[in-house]
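>>> Pasting the sequence and the predicted coordinates here, then a few questions.
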Amino acid sequence: MIDVKDKKDSIRTIRELGLNFFPQDVFMASDVEGFANFVKKYPSEEYVLRDASKAKGKFVYVKNLDEILAALKNYSKDVTIAQSYRPFKEDLVLVGDIKVTRGAYGDVVDITARDDEEATQRNIYENPKYNMHASLEENRLWNIPGFSKLMSYISEHELYGVILEFLVYDRKVGVNKENVVITEIRSNY
């Protein structure tokens, strides 16, 4: 069973399991060298900084190291830096959270997701297009765009019993160049 304690543990677990992700890491707001090394290792059109100390913490989009360093003045603790997925927005099929629970009488899926242009991990609960608790056998799940790719990914990596924040794309993206990106795994936080 996968046990994830916090955001740092989620990032570590995603890497250890060899899952597809957009590069991300967590540094103390004062760790200028850590942020500089990240930008050097993962060049990108855009990055996102997030307060890692709490759920739905403040965030900002930045383009380069100078903007990162200026933004860090607004943070005091751990800060997550990640390549932004906004440059790939036109290829995005589905954004959401999913948990697949294995059971003696079949698998059960809890999914909250959106497939519109404005969909982000932060707003999927505001007006979800798909908000279901259903048996994996139900056709309505399989009618969700990108769901078959997502379930294949979950099955292949045996990601059962945890909440996955995910993105499904029409094209291959992320570090492993796959259609599914896992942005976070949650179990105990």
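Structure's in. What do you need?
>>> Strands of this structure, start to end?
All strands of the chain, identified by DSSP state E, fall at 24-28, 47-51, 59-62, 78-83, 92-101, 108-114, 130-135, 163-173, 178-186.
>>> Save the ones you listed as a markdown table, and put in mean pLDDT and distance to Arg122 too.
Heads up, the C-betas are built off the backbone N, CA and C, glycines and all. Listed next are the strands of the chain as a markdown table, based on pLDDT from 0 to 100; distance: least, CB to CB, whole Å:
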| stretch | mean pLDDT | distance to Arg122 |
| --- | --- | --- |
| strand 24-28 | 92 | 15 |
| strand 47-51 | 93 | 10 |
| strand 59-62 | 94 | 8 |
| strand 78-83 | 93 | 13 |
| strand 92-101 | 97 | 10 |
| strand 108-114 | 97 | 11 |
| strand 130-135 | 97 | 16 |
| strand 163-173 | 96 | 10 |
| strand 178-186 | 95 | 11 |
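>>> Redo those as JSON lines? Include mean neighbour count and distance to Asp3.
Putting these into JSON lines (neighbours: other CB atoms under 10 Å; distance: least, CB to CB, whole Å) gives the following:
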{"stretch": "strand 24-28", "mean neighbour count": "20", "distance to Asp3": "18"}
{"stretch": "strand 47-51", "mean neighbour count": "22", "distance to Asp3": "23"}
{"stretch": "strand 59-62", "mean neighbour count": "16", "distance to Asp3": "26"}
{"stretch": "strand 78-83", "mean neighbour count": "23", "distance to Asp3": "20"}
{"stretch": "strand 92-101", "mean neighbour count": "21", "distance to Asp3": "15"}
{"stretch": "strand 108-114", "mean neighbour count": "19", "distance to Asp3": "19"}
{"stretch": "strand 130-135", "mean neighbour count": "14", "distance to Asp3": "23"}
{"stretch": "strand 163-173", "mean neighbour count": "20", "distance to Asp3": "13"}
{"stretch": "strand 178-186", "mean neighbour count": "22", "distance to Asp3": "10"}
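>>> any chance of these in JSON lines, plus distance to Phe147?
Output for the strands of the chain, formatted as JSON lines (distance: least, CB to CB, whole Å):
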{"stretch": "strand 24-28", "distance to Phe147": "25"}
{"stretch": "strand 47-51", "distance to Phe147": "26"}
{"stretch": "strand 59-62", "distance to Phe147": "27"}
{"stretch": "strand 78-83", "distance to Phe147": "25"}
{"stretch": "strand 92-101", "distance to Phe147": "7"}
{"stretch": "strand 108-114", "distance to Phe147": "8"}
{"stretch": "strand 130-135", "distance to Phe147": "9"}
{"stretch": "strand 163-173", "distance to Phe147": "8"}
{"stretch": "strand 178-186", "distance to Phe147": "11"}
